[in-house]
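S.K.: Sequence first, then the predicted structure, then my questions.
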There are 2 protein chains.
Amino acid sequence: MKKRLDLKAYQQGILSGNRAILSQAITLVESTLESDQELASDLVQSLISKTGQSIRIGITGVPGVGKSTFIEAFGKMLLDRGKKVAVLAIDPSSQLTRGSILGDKTRMENLASDKRAFIRPSPSGTTLGGVSGKTREAMLLCEAAGFDVILVETVGVGQSETAVKNMVDFFLLLMLAGAGDELQGIKKGIMEMADALVIHKADGSNLELAQKAKSSYQNALHLGQESEKSWNPKVLLASSTTGLGLEYVWELIREYEEKMKGNGFWETNRAQQRLSWLDDQIHELLGQAFFKNSQVSELLTKEKPQVRSGELNPGTLAKTLIQLFLSKN
Amino acid sequence: MKKRLDLKAYQQGILSGNRAILSQAITLVESTLESDQELASDLVQSLISKTGQSIRIGITGVPGVGKSTFIEAFGKMLLDRGKKVAVLAIDPSSQLTRGSILGDKTRMENLASDKRAFIRPSPSGTTLGGVSGKTREAMLLCEAAGFDVILVETVGVGQSETAVKNMVDFFLLLMLAGAGDELQGIKKGIMEMADALVIHKADGSNLELAQKAKSSYQNALHLGQESEKSWNPKVLLASSTTGLGLEYVWELIREYEEKMKGNGFWETNRAQQRLSWLDDQIHELLGQAFFKNSQVSELLTKEKPQVRSGELNPGTLAKTLIQLFLSKN
C-alpha cells in the first residue's frame, strides 16, 4: 500500500504548486486500485475550475529524432520567457520501454532541475485508452498547479499520435532532414495531423540539407489538411544545440492560439476533445468491468480457442458473454 | 414485423444456395431486434462449419474510381471461370448515402442478373462496429451458401478501410492515373494496407498515363509495408471496358493465396481476424447495452453539457455512469 494523502492535502499541495504533491497526485490518478480511483476522480473534479488555461502541445517523432533534447531546449527557452512548463509522456507500450522513458527523464537534466518545470515520465497503464485517460487527468492536475505550457511527448508508434492529437491544442511533428520518410517511419496520416513540422538537428553540416527538406515537406504538408480551422501547417527548422528556431516555434504556436481563439476553433476543439474523452473513458471502464468479471473471463478463456479456430462464431460468443455479464451484476 | 422463417428453413435455404433465402437471412442478421439477433446468432453458429472456404477480397477506392464497374467486370470474369461470386458493401455512412449504394446495385445489372452471383447492398447499421460485425456474418452466410469469392466493397472514407482490411484475405486499392493523390483523397495509410493497387480505367487515351503512374505507385507501395507475410504489393493496370488486366488481378490473388497458405499467414491472419471480431463485438454489444439503459441515458443527457464546457471531469462522469449501469442490471 502506497502512501496516500487526503483530498484536502492533495488540493492544497497542487494549488500551491508543490511539485512533490503534484507527482503523488498523478501517481494516484494512474493507480488501478478502486479506492485510489475514487479519490483521484474526486480530486480532479474538485480542481476542474482551475484547469484549462494552459497551452497543450503534443510533440511526436520517431526515436532518434531528438525529442528529449528538443523538449529540454524548447522548455528551457520557455522558462526563460517566464513560463512554467510541464512535460508528460504518453507511451502505449510503456511496460516494454519503461527503461528508455525513465532514461529520457534523466536526460532532461537541465529542465528537471528547474523548479518552474515539472517532468513526468510515462504512465504504466496497459491500454491506450487507459494511458491517455490518465495522461489527460495528469494534464489537468498540472494546469491546476499553475503550469502554463504542457508538452505531451509521444513515442512514435502509430496509435499514440492519434491519442495525443486528441488531447492537445497544437500538434508538432519532429523530423530529420535526409533520413527519408520510410526510415523515419513517418506515416502520411501523422503528417496530416501536424499543425507544424519541425526539422530538427538543423545545425552544422546538416543545416543545408534541412533547408532543402523544408520546402519539400512544406508541399507534402498541404495535402489533405483539414480546412475547418483555416490553418496552413508550417515547416520550421530547429536546433537544440544552437537554439536555432526554438523561438520561432513558440511564436508560431502563439500565432496559432490567437487565430484559433479568434475563429472559435480553440474552444470547439477542446469541447470536442472532452466529449471524446468521456466516450473513451466509458468504453475503457466498461471493458475493465467486463473483463474483470470472473465468470466472464472463465468462459472467455474456455471458448476463445474455438473462436480462434473458426468453430465458434465470434458474435455468438460475444452475445453469450454479455448476457452472462449483465445477469450477474 | 417483417417475415421471418424458422432456423431450419434458413439453414436449408442457404445450404441449397437459395439466393432469396440468403438475402432474408442477411436481413435477419442486420436486424436490431433482440429476437432476430438471437435467431441470427443461432443461424450463423449452426452454419459455421460450412464457412471459411472462400477467398475474401476487399476492394476500396474513392468515389469516381469506378468500383462498381470494376466489380461488375471482375465478377463477370470470375463467373466465366466457374466461380460463384458474392458482393457485399460496407459503408459506415450508409444512412446518408443509401441512395447511391442502392444505385450501385442497379448499375451492376449484368452481375446481379446472373444466378451464380449474389449482390447485397450496404447494411443500414449506424455504427462502424455494428456494420462490420454484420458484414462479417453476412460473409459467413454467403460462404455457407457456396460462394467461392466474396468481394467486400468499401466506400472510401477512412475508417471503413481498416474495418474491411480486418475481415478480408486480400485488400485491393483501386486508383486512377493522373488524378493526383490528394484529389483522390488517398491516405498513405490506406496504400500501406493494400496487397495490390489497381490503376483502373487504363484504356484509350488514359492507357499511357496509367502505365506511367504504375511505376511511381510501385515505389510508393514499398514504403512501410509489413514484412511478416513476405509479400511485395503489386501495381496492376485494369480496364473494365476492354477487360485489360482483370485476369492478371485474379492470378495475382491466387498467387497470394498460394503463398500465404504456404507460409501460414493465411490461417494466422484469419485466426487473428476472428479474435479481433470477437473483441469488436464485445465492445459493440457492451456499448449498446450501456447506452440503451434508460437511467444511464437520462443522466448522460443531463450531465453532458457540463463535460462539454469543462465544468465536469469526463472521467468522473464516466465512473458515475458505469456504477449506475452495473448497479441496475
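M.R.: Looks like it came in fine. Quick caveat, the model's predicted, so the values are computed rather than measured.

S.K.: Buried by neighbour count: which residues of stretch A:198-211 qualify?
M.R.: If you call a residue buried by 16 or more other C-beta atoms under 10 Å in any protein chain shown, then stretch A:198-211 has these buried ones: A:198-203, A:206-207, A:209-210. All C-beta spots, glycine's among them, are computed from the backbone N, C-alpha and C.

S.K.: my bad, stretch A:284-302
M.R.: A:284-287, A:289-290, A:293, A:296, A:299-300.

S.K.: That stretch near chain B anywhere?
M.R.: Yes. For stretch A:284-302, a contact with chain B is found by C-beta under 8 Å from any C-beta of the partner chain, at A:284-287, A:289-290.

S.K.: Which of the buried residues of stretch A:198-211 fall within helices?
M.R.: A:207, A:209-210 (DSSP state H).

S.K.: how many other residues sit next to A:Leu197?
M.R.: 25 (other C-beta atoms under 10 Å in any protein chain shown).

S.K.: That one and A:Gly245, how far apart?
M.R.: 12 Å (C-beta to C-beta, to the nearest Å).

S.K.: what touches both of the two?
M.R.: Both A:Leu197 and A:Gly245 are contacted by A:Leu236, under the criterion C-beta atoms under 8 Å, 6 or more residues apart in numbering or on different chains.

S.K.: nearest to chain B, of the ones in helices among the buried residues of stretch A:198-211?
M.R.: Ranked by distance to chain B (C-beta to the nearest C-beta), those are led by A:Leu209 at 20.1 Å.

S.K.: pretty sure the closest one contacts A:Gly178?
M.R.: Yes. Using C-beta atoms under 8 Å, A:Leu209 is in contact with A:Gly178, at 4.7 Å.

S.K.: can you pull out the helices in the stretch 151-300 of chain A?
M.R.: A:159-165, A:181-184, A:188-193, A:207-222, A:246-263, A:265-292, A:294-309 (DSSP state H, counting those that start in this stretch).

S.K.: closest one to B:Leu111 among the ones you listed?
M.R.: helix A:294-309 (32.9 Å; C-beta to C-beta).

S.K.: Packing partners of that closest one?
M.R.: helix A:265-292, helix A:314-327, helix B:265-292 (3 or more C-beta pairs under 8 Å, 6 or more residues apart in numbering or on different chains; DSSP states H and E).

S.K.: Output the below-cut-off pLDDT ranges for chain A.
M.R.: A:1-2, A:91-107, A:122-133, A:155-159, A:179-189, A:220-227, A:328-329 (pLDDT under 70).

S.K.: about what we covered before: take the helices of the stretch 151-300 of chain A and write them to a markdown table, including distance to A:Leu140.
M.R.: As requested, the helices of the stretch 151-300 of chain A are exported to a markdown table (distance: least, C-beta to C-beta, whole Å):
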| stretch | distance to A:Leu140 |
| --- | --- |
| helix A:159-165 | 15 |
| helix A:181-184 | 32 |
| helix A:188-193 | 22 |
| helix A:207-222 | 31 |
| helix A:246-263 | 19 |
| helix A:265-292 | 10 |
| helix A:294-309 | 32 |
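
S.K.: out of those helices, which comes closest to B:Gln306?
M.R.: helix A:265-292 (9.6 Å).

S.K.: how far off helix A:314-327 does the closest one point, in degrees?
M.R.: In terms of direction (axes from the mean of the first three to the mean of the last three C-alpha atoms, to 10 degrees), helix A:265-292 departs from helix A:314-327 by 80 degrees.

S.K.: Go ahead and produce PDB holding the CA coordinates of the strand or helix carrying A:Gly13.
M.R.: Per DSSP states H and E: A:Gly13 is located in helix A:7-15. Presented in PDB, the C-alpha positions along helix A:7-15 are these (Å, rounded to 0.1, in the frame of the first residue of the first chain):
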ATOM      1  CA  LEU A   7      -8.200  15.100  -0.700                       C
ATOM      2  CA  LYS A   8      -7.600  18.400   1.000                       C
ATOM      3  CA  ALA A   9      -3.800  17.800   1.200                       C
ATOM      4  CA  TYR A  10      -3.700  17.000  -2.500                       C
ATOM      5  CA  GLN A  11      -5.800  20.000  -3.400                       C
ATOM      6  CA  GLN A  12      -3.700  22.500  -1.300                       C
ATOM      7  CA  GLY A  13      -0.400  21.000  -2.400                       C
ATOM      8  CA  ILE A  14      -1.400  21.200  -6.100                       C
ATOM      9  CA  LEU A  15      -2.800  24.700  -5.900                       C
END
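
S.K.: before we move on, back to that, for B:Gln273, which of the helices of the stretch 151-300 of chain A is the nearest?
M.R.: Across the helices of the stretch 151-300 of chain A, closest to B:Gln273 is helix A:294-309 (C-beta to C-beta), at 10.0 Å.

S.K.: Other residues contacting the closest one?
M.R.: A:290-291, A:312-314, A:317, A:320-321, A:324-325, A:328, B:271, B:274-275, B:278.

S.K.: Are any of the residues you listed buried, and if so which?
M.R.: Using 16+ other C-beta under 10 Å, the buried ones in these are A:290, A:312-314, A:317, A:320-321, A:324-325, B:274, B:278.

S.K.: Could you dump the residues you listed into JSON lines and include distance to A:Glu34?
M.R.: Formatted as JSON lines, those follow (distance: C-beta to C-beta, whole Å):
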{"residue": "A:Phe290", "distance to A:Glu34": "16"}
{"residue": "A:Leu312", "distance to A:Glu34": "33"}
{"residue": "A:Asn313", "distance to A:Glu34": "34"}
{"residue": "A:Pro314", "distance to A:Glu34": "30"}
{"residue": "A:Leu317", "distance to A:Glu34": "28"}
{"residue": "A:Thr320", "distance to A:Glu34": "27"}
{"residue": "A:Leu321", "distance to A:Glu34": "22"}
{"residue": "A:Leu324", "distance to A:Glu34": "22"}
{"residue": "A:Phe325", "distance to A:Glu34": "18"}
{"residue": "B:Arg274", "distance to A:Glu34": "33"}
{"residue": "B:Leu278", "distance to A:Glu34": "27"}
